[in-house]
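J.: Pasting the sequence and the predicted coordinates here, then a few questions.
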Amino acid sequence: MKKIVISTGGGDAPGLNAVIYAVVKSATLRGWEVYGSRSGYKGLLDLDEMVRLTPEIVEDITPTGGTILGCTNKGNPFAMPVENLAGETLIRDVSERILKNFNRMGFACHIAVGGDGSLEIAHRFAKLGMPVVGVPKTIDNDLEATNLTFGFDTAVSTATEAIDKLHSTAKSHDRVMVVEVMGREAGWIALNSGISGGADVILIPEIVFDIDKVCAKIGDNELHGKDYAIVVVAEGAQEKECDVFCREGEVGMQEVVLGGVGEWVAQRIRDKTKKDTRSLVLGHLQRGGTPTTFDRLLALRFGAAAVRLVESETFDHMVALATPAMIAVPLAEAIKSRKKVNMDNDKVLTAREIGICFGD
């Protein structure tokens, strides 16, 4: 009987529970046992945090947001914050201990669900001898090796619904509404929700914007009888004379926490146009809630495909969607590059042709 372990690392995303469900059901049909490592690698570090997963436990979790195993973006086993007896926090490499526990438990494979950071950690473990299969997870949809990632459709739907609702209040008060959405290095959420939600301006990390051109678009609206505007901005968007916007006090962290560009854009529009301008940060709303039908199905397909890779012993690979099929991509290749918005992308061309401004 094979024993496998699954972990969900990085940030949460709608559809994670569907992946867990598919892995447990598919593995159980093969007569295997499945265990879950809580909070990323915490279960493999402390076996008390390891949980046995059965079909009965996962029976109703597919439509539920989040992950029953928990997740963390501060659990890198190769650089783990550990508190000593003196209360000091030290950075330690605990990968050897995790590898020993993995072997001691008799696991045949580790299914690692995560984004580029989590998959890079999984690849490092694979090089140390741990059989690993990766499952891509990022609401930003910025992994080059797969056509789509689960969670993205739900995040876009959440953002689009918010933009739709802002139209009525913006129109009622002749206001400019600036909506900040997630998108650290890739603007896919902003692009898709902005087009679908009828935004006037979309600002993404791939296009350095000029705030004067954004204001010119708002002025052009007024010339054509539209006294309000909707501006959608990705958190990683950058103005031509400014650096990327970070939360105050967070710059010195190992991973810079982005945020603030939406309010900055709103303030500049307010100053330059004298229009009543408000900003809204959707933040973690985009990560929460019930996954859409599309994301549920995609997550289930990823989970089932991961078990097939375990069965064929195709380790150090990630399952990827190459429409319409699921394929195996080497982890080294999967983490090599990010998928960013190209200027010749049909969505960008469509946006420009229907009058949406990118600030360039």
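T.: Nice, thanks for sending it over.

J.: On the pLDDT front, check E255 for me.
T.: If you check E255, the pLDDT there is 55.

J.: Contact partners for the most far-flung residue of the chain relative to its centre?
T.: Distance from the C-alpha centroid of the chain, by CA atoms, centre = their mean, peaks at L223 (38.8 Å). By CB atoms under 8 Å, 6 or more residues apart in numbering, the contact list for L223 is empty. Backbone N, C-alpha and C define where each C-beta goes, glycine included.

J.: what's the spacing between it and A199?
T.: Distance, L223 to A199, using CB to CB, to the nearest Å: 18 Å.

J.: Thought G219 was touching D200, still the case?
T.: No. With contact defined as CB atoms under 8 Å, D200 does not count as touching G219 (11.1 Å).

J.: Between the two, which contacts overlap?
T.: By CB under 8 Å, 6+ apart, no residue touches both D200 and G219.

J.: Which residue of these two possesses the greater neighbour count?
T.: D200 (22 against 13; other CB atoms under 10 Å).

J.: who touches that one in this structure?
T.: 217-218, 221, 229-231, 355-357.

J.: Kindly indicate whether the residue nearest to L16 when sequence neighbours are not counted is helix, strand or coil.
T.: Leaving aside its sequence neighbours, L16 sits nearest to T67 (CB to CB, 6 or more residues apart in numbering; 3.9 Å). Three-state assignment for T67 (DSSP: H, G, I helix; E, B strand; the rest coil): coil.

J.: For T67, grab the count of nearby residues.
T.: 24.

J.: One more: G134?
T.: Count around G134 with other CB under 10 Å applied: 33.

J.: And for N76?
T.: Using other CB under 10 Å as the criterion, the residues surrounding N76 number 23.

J.: Mind checking what secondary structure the residue lying closest to M318 once chain neighbours are set aside has?
T.: Excluding its sequence neighbours, the residue lying closest to M318 (CB to CB, 6+ apart) is G134, at 3.6 Å. Put simply, G134 is strand when judged by three-state DSSP.

J.: What mean pLDDT does the helix or strand F125 falls within get?
T.: Following DSSP states H and E, one finds F125 within helix 116-127. For helix 116-127, the mean pLDDT works out to 94.

J.: Which elements pack onto that helix?
T.: When contacts are defined as 3 or more CB pairs under 8 Å, 6 or more residues apart in numbering; DSSP states H and E, helix 116-127 sits against helix 95-104, strand 109-114, strand 132-136, helix 331-334.

J.: In a markdown table, list the ones you listed along with distance to F294.
T.: Conversion of the helices and strands packed on helix 116-127 to a markdown table gives the following (distance: least, CB to CB, whole Å):
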| stretch | distance to F294 |
| --- | --- |
| helix 95-104 | 34 |
| strand 109-114 | 18 |
| strand 132-136 | 15 |
| helix 331-334 | 22 |
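
J.: which stretch among the ones you listed comes nearest I195?
T.: In terms of CB to CB, the element of the helices and strands packed on helix 116-127 nearest to I195 is strand 132-136, at 23.9 Å.

J.: how about the following helix or strand past the closest one as CSV, C-alpha atoms only?
T.: Once the chain leaves strand 132-136, the next helix or strand it forms, by DSSP H and E, is helix 152-173. Provided in CSV are the C-alpha atoms of helix 152-173 (Å, rounded to 0.1, in the frame of the first residue of the first chain):
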residue,chain,number,x,y,z
PHE,A,152,-8.0,32.9,-11.0
ASP,A,153,-11.5,32.7,-12.4
THR,A,154,-13.0,33.1,-8.9
ALA,A,155,-10.7,36.1,-8.2
VAL,A,156,-11.7,37.8,-11.5
SER,A,157,-15.4,37.1,-10.9
THR,A,158,-15.1,38.7,-7.4
ALA,A,159,-13.3,41.8,-8.8
THR,A,160,-15.7,42.1,-11.7
GLU,A,161,-18.7,42.0,-9.4
ALA,A,162,-17.2,44.7,-7.2
ILE,A,163,-16.5,46.9,-10.3
ASP,A,164,-20.1,46.3,-11.5
LYS,A,165,-21.5,47.6,-8.2
LEU,A,166,-19.2,50.7,-8.2
HIS,A,167,-20.6,51.9,-11.5
SER,A,168,-24.0,52.9,-9.9
THR,A,169,-22.5,54.8,-7.0
ALA,A,170,-19.8,56.5,-9.1
LYS,A,171,-22.5,57.6,-11.6
SER,A,172,-24.8,58.9,-8.8
HIS,A,173,-22.1,61.1,-7.4
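
J.: Can you give me the buried ones in helix 152-173?
T.: 152-160, 162-163, 166, 170 (16 or more other CB atoms under 10 Å).
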